[in-house]
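*Asks:* Turn this into a model:
(2 chains)
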Amino acid sequence: MAEAGSTEGAGFRALQARLRGAGYVADDALAMALHLAGALGRPLLLEGPAGVGKTEVAKALAAVCDTRLIRLQCYEGLDASAAIYEWNYRRQLLAIRAAESGGAALDEDALFDEKYLLRRPLLEAISAEHSPVLLIDEIDRADEEFEAYLLEVLSDFQISIPELGTITARTRPSVILTANGTRDLSDALRRRCLYAHIGYPEREAELAILAARGPDLAPRLAEQIVATVQALRREDLEKKPGVAEMLDWAGALSGLGLNDLAADPATVQATLVCLLKTVADRDAVPPEVLSRLIGRAA
Amino acid sequence: MRATRFPARANPAERVSGFIAHLRLNGFGVGPAETTAALQALGAVEATDPQEVRLALRVLLSGDSEGWQRFDALFDAYWYNAGRPRDEVKPKAQSRTRTRPALWQPAGQDGADSQDTAQKEPDPGASETASQGEGRLLATRSESRHRRDLRQCLDPESLRAAETAAERIARAIRDRRSRRRRIARKGHSPNLRATIRKSLASGGDPLEIVLERRPERPMRLVVLCDVSGSMEVYARVFLAFVRGLVSRDTKAEAFLFHTRLIRITAGLAERDPLRLATRLSLLAEGFGGGTDIAGCLDSFAKAHGARLLDRRTLVLILSDGYCTASPEGIGAALTRIKRRAGRIVWLNPLKGWAGYAPVAAGIQAALPHLDAHLAANTLEALAALEPEFAKL
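*Replies:* Numbers count the residues shown, from 1 in each chain, chains lettered A, B, ... in the order given. Sure thing, here's the model as predicted:
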């Protein structure tokens, strides 16, 4: 993170502009969060509904800082051996058998060498040469025990391996955690982290995102798409379409060569598979409702 | 907005630490460590630009999405408070200071307490005393829009008994184990298959024994408690009951409803019973008025259904089924809930009465959708519910 801050120089506006250059439209609060995370060297916890670009932030940040992105996807039952390190038993065993058959004496220390060590994301992030971006995705899916372990790693940035000794980070990775609200995170973790909530973007911001990430569209169609998706979010849906869905939809529409949403309602209705992901939601938006939404958007 | 005028001798560090204290009073979990971090953060941004400072402190101090939403108002209240009434943004702090004197009284001296109020504020005190006598209904009507003090309804022993009964019931509902076994680090018995598979890596020696256990598959509880006028006599004891159901279970959720639906899960976490009572009476403003059961159930299904309900959820409704709004929607709302939830149980305080028949339109509409409709008019009836729930 220190790198991210020092190469910046001119505060969070500059970072925001550079993120924009990398194709990520960040609002003021998010840009400030990333800037401070860099300046203070603290992890950043991102929350918000699905599909608003929490994971994309990390990718964009890695692109901006020109560094590696190391990703740890959390799941229930994730343990230290999958997240930090593991000894490569098979290779060790192979070495033992080879030594036995060759009749050579085998030094025990040689078995616990770095070459038998499988580096998992956390260890990899800590031992990297240039400070990478470490993305710990959906931390709320992991168990509470793992959260406690993570706290230790995040506060000291060191990992102790009994056979090798302690490995201390040469450079501090920029840590970004994302959470979806599957369960409540512990206060201890929240206190260590900076916090930012990413909501659905405003109209202008979403237009900018569409321009940056989506296909080339006529301005009028882009506005129709954004207005329709924003109107859909105000409807009473089970799963509201996120930014990712909006981009999918825009891609689908441009692939079909549509120029005006109002012109071909049947096709547009068929492309709603990109936006609405449950049966109840599909039923909630029949053609009449859709044409009303589009009509209001136009 | 005008900026707050601080005493001239207060340096920036003191002002920031004052701001941290202000947040702490409003329920943020921040302390000296955050003060240091905040000063560091101010060094990293343009500290003379209010907007940047606001963004930076929000990122640093808010901690969760609720804090994120409230931060702006609190920021304005502290740094721009000139001409702005403080109570508007500080309801929590105020409620705390108000409860403080009550803490110093021994529990169970409710009479003395109400006299105390009577001396300070003659009018509301008098009507509260009246509500203990026969003029209850009248007093309730006249007061329904005020904040009511829940403390004076029942003695502490029976509340405690209701809570214990509820805890037992909650345990009966929760303790479910799967029939299948799954691999677990803290298992009880070895899983042979996985152990042998792992032993291949060490040449057939089972160095690492893999364990398994029957995982817990608890039922989850969602409680909806009616606190309208007709339920008022039961409200205090039902709240204790709800608290017992919810308190030991981090996943349980509790709501109150009358004409609106209010989530009280967080409020119930309070340990001190007196403070709890005050907090709930603040939450349940409008307590003791009319009911809109259908509307409240519907808004529950819409706002919380997707998040809270699944096949392992038991929805518990405490209500007498009398509603002032139209009862037609109840059936539809319950169907919505039923589609996601595992079971719906209705606890009715009237059902225990001799000669009661479910003729009220509300309960008539609800009956076809319920898995059980049980009596809950006395403490004994509440305590006897446990085997009923174990059956479900």
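
*Asks:* isn't residue B:364 right up against residue B:370?
*Replies:* No - in terms of C-beta atoms under 8 Å, residue B:364 does not count as a neighbour of residue B:370; the distance is 11.5 Å. The way it works is simple: take the backbone N, C-alpha and C, and place the C-beta from them, glycine included.

*Asks:* which one of these two has more residues nearby?
*Replies:* The neighbour count for residue B:364 versus residue B:370, taken as other C-beta atoms under 10 Å in any protein chain shown, is higher for residue B:370 (18 against 14).

*Asks:* Can you give me the distance of the more buried one to residue B:376?
*Replies:* With the distance defined as C-beta to C-beta, to the nearest Å, residue B:370 ends up 14 Å from residue B:376.

*Asks:* ok, now residue B:228?
*Replies:* As defined by C-beta to C-beta, residue B:228 lies at a distance of 16 Å from residue B:376.

*Asks:* of those two, who's got more company?
*Replies:* A side-by-side neighbour count of residue B:228 and residue B:376, using other C-beta under 10 Å, places residue B:228 first with 26 against 23.

*Asks:* Would you check that that one makes contact with residue B:296?
*Replies:* No - Residue B:228 is not in contact with residue B:296 according to C-beta under 8 Å; the separation is 9.8 Å.

*Asks:* give me every residue that touches residue 242.
*Replies:* Answering for chain A, as no chain was given. Shown in contact with residue A:242 (C-beta atoms under 8 Å, 6 or more residues apart in numbering or on different chains): A:49-53, A:200.

*Asks:* that answer is for a different chain, and I need it for chain B
*Replies:* By C-beta under 8 Å, 6+ apart, the residues touching residue B:242 are B:166, B:223, B:225, B:254, B:264, B:268, B:318.

*Asks:* Where is pLDDT lowest across these?
*Replies:* When it comes to pLDDT, residue B:268 is the least confident member of the contacts of residue B:242, at 75.

*Asks:* Surely that one is within a helix?
*Replies:* Yes - counting by DSSP: H, G, I helix; E, B strand; the rest coil, one finds residue B:268 located in a helix.

*Asks:* How many residues are close by it?
*Replies:* Taking other C-beta under 10 Å as the definition, residue B:268 ends up with a neighbour count of 21.

*Asks:* Was I right to think it contacts residue B:247?
*Replies:* Yes - in terms of C-beta under 8 Å, residue B:268 counts as a neighbour of residue B:247; the distance is 6.4 Å.

*Asks:* Helices - which of the contacts of residue A:242 land there?
*Replies:* Judged by DSSP state H, the contacts of residue A:242 include no members of helices.

*Asks:* show me where pLDDT drops low in chain B?
*Replies:* In the predicted model of chain B, residues B:1, B:9, B:82-156, B:270-274, B:277-278, B:280-289, B:354, B:390-392 satisfy pLDDT under 70.

*Asks:* SS state for residue B:346?
*Replies:* When the structure is split into helix, strand and coil by three-state DSSP, residue B:346 lands in strand.

*Asks:* Spit out the contact partners of it.
*Replies:* Shown here is residue B:346, whose contacts under the criterion C-beta under 8 Å, 6+ apart are B:317, B:319, B:321, B:363, B:366, B:370, B:372-374.

*Asks:* which neighbours do residue B:228 and residue B:296 share?
*Replies:* Counting by C-beta under 8 Å, 6+ apart, the residues touching both residue B:228 and residue B:296 are B:257-259.

*Asks:* What segments of the stretch 201-350 of chain B are strands?
*Replies:* Secondary structure of the stretch 201-350 of chain B (DSSP state E, counting those that start in this stretch): strands at B:211-213, B:220-226, B:253-257, B:261-263, B:313-318, B:343-348.

*Asks:* In the stretch 151-300 of chain B, what residue lies closest to chain A?
*Replies:* Across the stretch 151-300 of chain B, the shortest distance to chain A (C-beta to the nearest C-beta) belongs to residue B:201, at 4.7 Å.

*Asks:* ditto for chain B
*Replies:* Taking C-beta to the nearest C-beta, chain B has residue B:44 as its residue nearest chain A, at 3.5 Å.

*Asks:* How much space separates that residue from residue B:59?
*Replies:* Distance of residue B:44 to residue B:59, given as C-beta to C-beta: 11 Å.

*Asks:* Spell out which residues of the stretch 51-200 of chain A are next to chain B.
*Replies:* Listed as neighbours of chain B in the stretch 51-200 of chain A under the rule C-beta under 8 Å from any C-beta of the partner chain: A:79, A:89-90, A:93, A:97, A:184, A:187, A:190-191, A:194-197.

*Asks:* out of those, which are inside helices?
*Replies:* Among these, the residues falling in helices (DSSP H) are A:89-90, A:93, A:97, A:187, A:190-191.

*Asks:* Buried subset of those residues as a PyMOL selection?
*Replies:* Typed into PyMOL, the line below selects the buried ones among those, using 16 or more other C-beta atoms under 10 Å in any protein chain shown:
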select buried, chain A and resi 89+190+191
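
*Asks:* Columns pLDDT on top of the ones in helices among the residues of the stretch 51-200 of chain A next to chain B, output as TSV?
*Replies:* Below are these laid out as TSV (pLDDT from 0 to 100):
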residue	pLDDT
A:89	85
A:90	86
A:93	85
A:97	85
A:187	83
A:190	87
A:191	86
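
*Asks:* What does residue A:46 show for phi and psi?
*Replies:* Backbone geometry at residue A:46, expressed as degrees, to the nearest 10, gives phi -110, psi 130.

*Asks:* looking at it, it is touching residue A:181, isn't it?
*Replies:* No - taking contact to mean C-beta under 8 Å, the distance of 11.8 Å between residue A:46 and residue A:181 leaves them out of contact.

*Asks:* okay, and the common contacts of these two?
*Replies:* Shared contacts of residue A:46 and residue A:181 (C-beta under 8 Å, 6+ apart): none.

*Asks:* who's more crowded, these two?
*Replies:* In terms of neighbours (other C-beta under 10 Å), residue A:46 is the more surrounded of residue A:46 and residue A:181; the figures are 26 against 14.

*Asks:* confidence score at the more buried one?
*Replies:* 93.

*Asks:* before we move on, back to that, filter the contacts of residue B:346 down to the ones in helices?
*Replies:* B:363, B:366.

*Asks:* Quick one: name the residues of the stretch 1-150 of chain B near chain A.
*Replies:* B:29, B:33-34, B:37, B:40-41, B:44-46, B:51-52, B:55-56, B:58-60, B:62-65, B:67-68.

*Asks:* Take those residues and keep only those in helices.
*Replies:* Applying DSSP H to the residues of the stretch 1-150 of chain B next to chain A, the entries found in helices are B:33-34, B:37, B:40-41, B:44, B:51-52, B:55-56, B:58-60, B:65, B:67-68.

*Asks:* Can you select the buried ones among those for me in PyMOL?
*Replies:* A single PyMOL command suffices to select whichever of these are buried according to 16+ other C-beta under 10 Å:
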select buried, chain B and resi 34+37+41+44+52+55+56+58+59+60+67+68
